[in-house]
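A.B. asks: what shape does this take:
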Amino acid sequence: MARIKPHIDLGTITKRRDRESFRNFVLEVIDDTFIYEFTPTSISLDGDLFTIVLGPVDNSIPADSDYVDFGDIKGYRFIYEDLQVSAIEDFVDVYLYGVKQTSDRYEVQVFKESTRINSNFSDGDEIRFVFNQSITRIPGDVVRTDFEIKGKIAEIL
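C.D. replies: The predicted structure follows:
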């Protein structure tokens, strides 16, 4: 008695068997989960509460405030079309001296041409992190480069 071979419909199975398609799949997953790192463009201190800004940068010498020269950054925006989440804080992490700050310590605000926007966050050109509690013992000693922002954020060139 011969064994009956099962009938498998390969049309309904996602094929990842060849090396090229598997490699492309892995690169796609890595690209979708890639986190970008930035140093804030400016910080301000109100008492002991910080406001961190990722905004336009004029790298022209001398600065001409037009943001169209080579090296100028027109601003920063969230890569929001990739992933939809309920809170904008889920897109970013703020670090001070390499220590991650919990998202309940700050509010993320998105601006477009100096006007705050509350939806469609990928249209913004400036991202602000406004802290609602003190995060260091001596806030006056903290400089801009002590902060690091990681998340699904892209430069607008």
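
A.B. asks: worst-scoring helix or strand of this protein, pLDDT-wise?
C.D. replies: helix 19-32 (a mean of 74; mean pLDDT, DSSP states H and E).

A.B. asks: after that helix, next one along is what?
C.D. replies: Counting by DSSP states H and E, the next helix or strand C-terminal to helix 19-32 is strand 36-38.

A.B. asks: which residues make contact with that following strand from outside it?
C.D. replies: For strand 36-38, contacts defined as Cβ atoms under 8 Å, 6 or more residues apart in numbering pick out 54, 76, 148, 149, 150, 151, 152, 153, 154. C-betas here are computed from N, CA, C, even on glycine.

A.B. asks: number of residues surrounding the first one?
C.D. replies: When you say that, I think you mean residue 54. If you count neighbours by other Cβ atoms under 10 Å, residue 54 ends up with 25.

A.B. asks: so it touches residue 149, yeah?
C.D. replies: Yes - Residue 54 lies in contact with residue 149 (Cβ atoms under 8 Å); the separation is 6.3 Å.

A.B. asks: so who does the nearest residue to residue 78 once chain neighbours are set aside touch?
C.D. replies: Leaving aside its chain neighbours, residue 78 sits nearest to residue 121 (4.7 Å; criterion: Cβ to Cβ, 6 or more residues apart in numbering). Listed by Cβ under 8 Å, 6+ apart, the contact partners of residue 121 are 77, 78, 80, 88, 110.

A.B. asks: max pairwise distance over the residues you listed: which two?
C.D. replies: 77 and 88 (11.9 Å; Cβ to Cβ).

A.B. asks: quick one, which of those two is more surrounded?
C.D. replies: residue 77 (21 against 18).

A.B. asks: quick one: residues contacting the more buried one.
C.D. replies: Listed by Cβ under 8 Å, 6+ apart, the contact partners of residue 77 are 121, 122, 123, 124, 125, 127, 153, 154, 156.

A.B. asks: quick check: of those residues, which lies closest to residue 44?
C.D. replies: Closest to residue 44, out of all of these and judged by Cβ to Cβ, is residue 127, at 14.4 Å.

A.B. asks: would you check how far apart residue 111 and residue 45 are?
C.D. replies: Residue 111 sits 20 Å away from residue 45, going by Cβ to Cβ, to the nearest Å.
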